[in-house]
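Asks: Let me see the structure of the following:
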Amino acid sequence: MAGSTASTFNTIIDSIITSLSNATTIGTPTAIEERDEHPAIASDNGTLPMVYVVPLVEGKHVFSMTMDANVVNHTFPVSIVGYYDMPDVDTSLRTVRNYAYGAFDLFKAKQSLPVGQVVGASIEVGYWIGGGKVIHYFILVLSIKAMF
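Replies: Presented below is the predicted three-dimensional model:
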């Protein structure tokens, strides 16, 4: 894929957002956006569930080049964070954990991105209770490698 580093990187992020937007395995988010926001804001606004795509927040974009080739190897993280207003803790842990695995399954295939591929991932699932609400979350961090 020809183009600037920024445009190619943004194409990858846009592809992740599109895949999540078309997914049927991550619940029914009101929006999937490239942003980072405290979930209390979305909760107070009544816009949960939300899914955020946050590139580079869990690490750095690392570039490596060879002296004899005009190719740059890129390694970078992309975090996918889902927040859900759920009825309780007991019956919702598995539901939100399954949403995390559903998001991971979208990107585990070799050709799931327009450039590069996911070479590793981690999932964290949790919840907190506040203001009479039970907010569950998942954080899926994709490790992506690409040459462009």
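Asks: ok, the closest residue to residue 134 other than its chain neighbours - contacts?
Replies: Setting aside the residues directly before and after it, residue 134 is nearest to residue 86 in space (CB to CB, 6 or more residues apart in numbering), at 5.1 Å. (Each C-beta comes from the backbone N, C-alpha and C, glycine too.) By CB atoms under 8 Å, 6 or more residues apart in numbering, the contact set of residue 86 is 92, 95-96, 127, 134-136.
Asks: If we use 7 Å, what do you get?
Replies: 92, 96, 134, 136 (CB atoms under 7 Å, 6 or more residues apart in numbering).
Asks: For the residues you listed, which single residue is the most surrounded?
Replies: Counting neighbours by other CB atoms under 10 Å, residue 136 leads these with 24 neighbours.
Asks: For the contacts of residue 86, work out which two are farthest apart.
Replies: Of all pairs drawn from these, the greatest distance, 10.4 Å, lies between 96 and 134 (CB to CB).
Asks: all strands of the chain, in order?
Replies: With strands called from DSSP state E, the chain shows them at 31-34, 50-55, 62-65, 72-86, 117-130, 133-147.
Asks: Pull up the pairing partners for the third one, direction included.
Replies: Spelled out, it's strand 62-65. Strand pairing for strand 62-65, determined by DSSP bridges: strand 72-86 (antiparallel).
Asks: Compute the inter-axis angle for the strand it pairs with and strand 133-147.
Replies: Relative orientation of strand 72-86 versus strand 133-147 (axes from the mean of the first three to the mean of the last three CA atoms, to 10 degrees): 170 degrees.
Asks: Average pLDDT for strand 72-86, rounded please.
Replies: Averaged across strand 72-86, the pLDDT comes to 97.
Asks: Pull out the buried positions in it.
Replies: Buried positions in strand 72-86, judged by neighbour count with 16 or more other CB atoms under 10 Å: 74-86.
Asks: I'd like to know which helix or strand in the chain has the lowest mean pLDDT.
Replies: For the chain, counting by mean pLDDT, DSSP states H and E, helix 39-45 ranks last in confidence among helices and strands (a mean of 85).
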